[in-house]
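Student: Provide a 3D model corresponding to the input given below.
(2 chains)
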Amino acid sequence: CQQPVPHYSAQQWEAQRPKVEALTQWSLNGKLAIVTAQKKGSLRLFWQQNGDDYRLNLSTVLGTRVLELSRQGNRIRLIDEDGKEHVSNDPALLIYRLTGWLLPIDELPTWIKGLPGAAQYGLSQNGQLAWVQDNQWQLSYQEFASQATGQGELWLPTRLDLKGPDSRLKLLINQWNLQP
Amino acid sequence: DDAQALKALLGQVKQFSAHFQQQVFDVEGQPLQQASGELLVSRPDRFRWETKSPDESLILSDGKSVWFYDPFVEQVSITKLADAVVNTPFLLISSTDPSLWARYDVLKEENAFTVTSKQKGQRIESLRLIFGQNGQLSRFEVNETQGQRSEFELSQYNAQPAVPASSFRFEVPKGVTVDDQR
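Tutor: Purely as a prediction, here's the structure:
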């Protein structure tokens, strides 16, 4: 299992960055909390990424499906709580319209791996990615853990807070699966 | 009939505790989630479903209300027992209320019972309860209308569990939001 070690050296984060960028096939199990002024709650998250295609499943603790968002090529599909299918080319807008949740869908596949993508970022004194910020979202990386991969060890985030325009998200990653 | 047989089996034991291993599968049968924890049931209508791994949550019925504590967002949501039954099959396992049972059809196949809601359009289509040779509940499955399935494998079944008075009471920790939906 994962051993969350508090810090690791700066060179490691920079050194492993190409390997993390090359990681385009992965899945994770965890929990997503969504906190808005009116409501807060959390759901179990299963996320599978394959290049630009992805599948995001949100379920209750009982295992009932709340939402499933998937992308194959440029076809983006959302299945809502009643099993109704919605198709769009703007996933973030689709989710917002259906659930009221603001989720940075396009950037998350990069941010969740601990990469800033096009956003500004900063490292902590021990060289670990500490924060990422664009014009809408402010992320703070709480915890990383070492994951074993075919080419040695990779440090990936396991706890992440995202502050958005009108909501706060908390991501807890219980398991990274790097050889799906 | 099959419903009587199931209620008789469930009624054999006034209280039981067990460790559970939960597996959630998607429509195509691919595993999505895994969890494990402890279950304590005290008939009628009281149960404690505590998920411990990979993260914590607690669903507890005190016989009148169901308390759903989610430490990840520091909130406890409370619903009336009757309202909760739609999404908490544990209530069926712990309930002796004939009017509740009247809302479900029961089909027996050897030691497995399929409990289906008579009302259509429910979130949960059916609940399957599987008993061991010794008449003890060994497994149950929650089958969702949309096709996801959640299987609970029970182990360390104990028909004389220690049941401290506080087992079915929820003390709201400091700083936890109370979302009372009753």
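Student: need the strands for chain A, in chain order.
Tutor: A:25-36, A:40-50, A:53-59, A:65-72, A:75-79, A:85-88, A:120-123, A:129-133, A:138-149, A:152-163, A:167-177 (DSSP state E).
Student: residue B:20 is nearest to which of the ones you listed?
Tutor: Residue B:20 lies closest to strand A:40-50 among those, at 15.5 Å (CB to CB). To be clear about C-beta, it is placed using only N, CA and C from the backbone, and glycine gets the same treatment.
Student: next, format the strands of chain A as a markdown table and append distance to chain B and mean neighbour count.
Tutor: Output for those, formatted as a markdown table (distance: least, CB to the nearest CB, whole Å; neighbours: other CB atoms under 10 Å in any protein chain shown):
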| stretch | distance to chain B | mean neighbour count |
| --- | --- | --- |
| strand A:25-36 | 5 | 20 |
| strand A:40-50 | 4 | 20 |
| strand A:53-59 | 6 | 20 |
| strand A:65-72 | 5 | 19 |
| strand A:75-79 | 8 | 17 |
| strand A:85-88 | 11 | 12 |
| strand A:120-123 | 26 | 13 |
| strand A:129-133 | 21 | 18 |
| strand A:138-149 | 13 | 18 |
| strand A:152-163 | 11 | 18 |
| strand A:167-177 | 4 | 19 |
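Student: got the ones you listed as TSV, with distance to residue B:19 and mean pLDDT columns?
Tutor: Below are those laid out as TSV (distance: least, CB to CB, whole Å; pLDDT from 0 to 100):
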stretch	distance to residue B:19	mean pLDDT
strand A:25-36	20	96
strand A:40-50	20	96
strand A:53-59	22	96
strand A:65-72	26	95
strand A:75-79	33	94
strand A:85-88	38	94
strand A:120-123	43	95
strand A:129-133	38	96
strand A:138-149	26	94
strand A:152-163	25	94
strand A:167-177	19	96
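Student: need those strands in CSV with distance to residue B:20, can you?
Tutor: Written out in CSV, the entries for these read as follows (distance: least, CB to CB, whole Å):
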stretch, distance to residue B:20
strand A:25-36, 18
strand A:40-50, 16
strand A:53-59, 17
strand A:65-72, 20
strand A:75-79, 28
strand A:85-88, 33
strand A:120-123, 42
strand A:129-133, 37
strand A:138-149, 26
strand A:152-163, 25
strand A:167-177, 17
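Student: show me what contacts residue B:17?
Tutor: Residues in contact with residue B:17 (CB atoms under 8 Å, 6 or more residues apart in numbering or on different chains) are B:38, B:39, B:40, B:41, B:156, B:157, B:158, B:161.
Student: check residue B:107 too.
Tutor: Residue B:107 neighbours (CB under 8 Å, 6+ apart): B:2, B:113, B:114, B:116.
Student: okay, and which of the residues you listed map to strands?
Tutor: Going by DSSP E, the strands hold B:113, B:114, B:116 from those.
Student: just the buried residues of those.
Tutor: When the ones in strands among the contacts of residue B:107 are checked for burial by 16 or more other CB atoms under 10 Å in any protein chain shown, the buried set is B:113, B:114, B:116.
Student: what's the closest of these to chain A?
Tutor: residue B:116 (15.8 Å; CB to the nearest CB).
Student: now the nearest residue to the closest one once chain neighbours are set aside, which residues is it bridged with?
Tutor: Closest residue in space to residue B:116, ignoring its immediate chain neighbours: residue B:126 at 4.4 Å, by CB to CB, 6 or more residues apart in numbering or on different chains. Counting by DSSP bridges, residue B:126 forms beta bridges with residue B:116, residue B:143.
Student: show me what contacts residue B:126?
Tutor: B:114, B:115, B:116, B:117, B:143 are the contacts of residue B:126 under CB under 8 Å, 6+ apart.
Student: the same query, at a cut-off of 10 Å, please.
Tutor: B:89, B:104-105, B:107, B:114-117, B:141-145, B:149 (CB atoms under 10 Å, 6 or more residues apart in numbering or on different chains).
Student: and what of residue B:96?
Tutor: Residue B:96 touches B:7, B:10, B:11, B:43, B:44, B:45, counting by CB under 10 Å, 6+ apart.
Student: gap between the third one and residue B:4?
Tutor: Looking back up the chat, that one is residue B:11. 10 Å (CB to CB, to the nearest Å).
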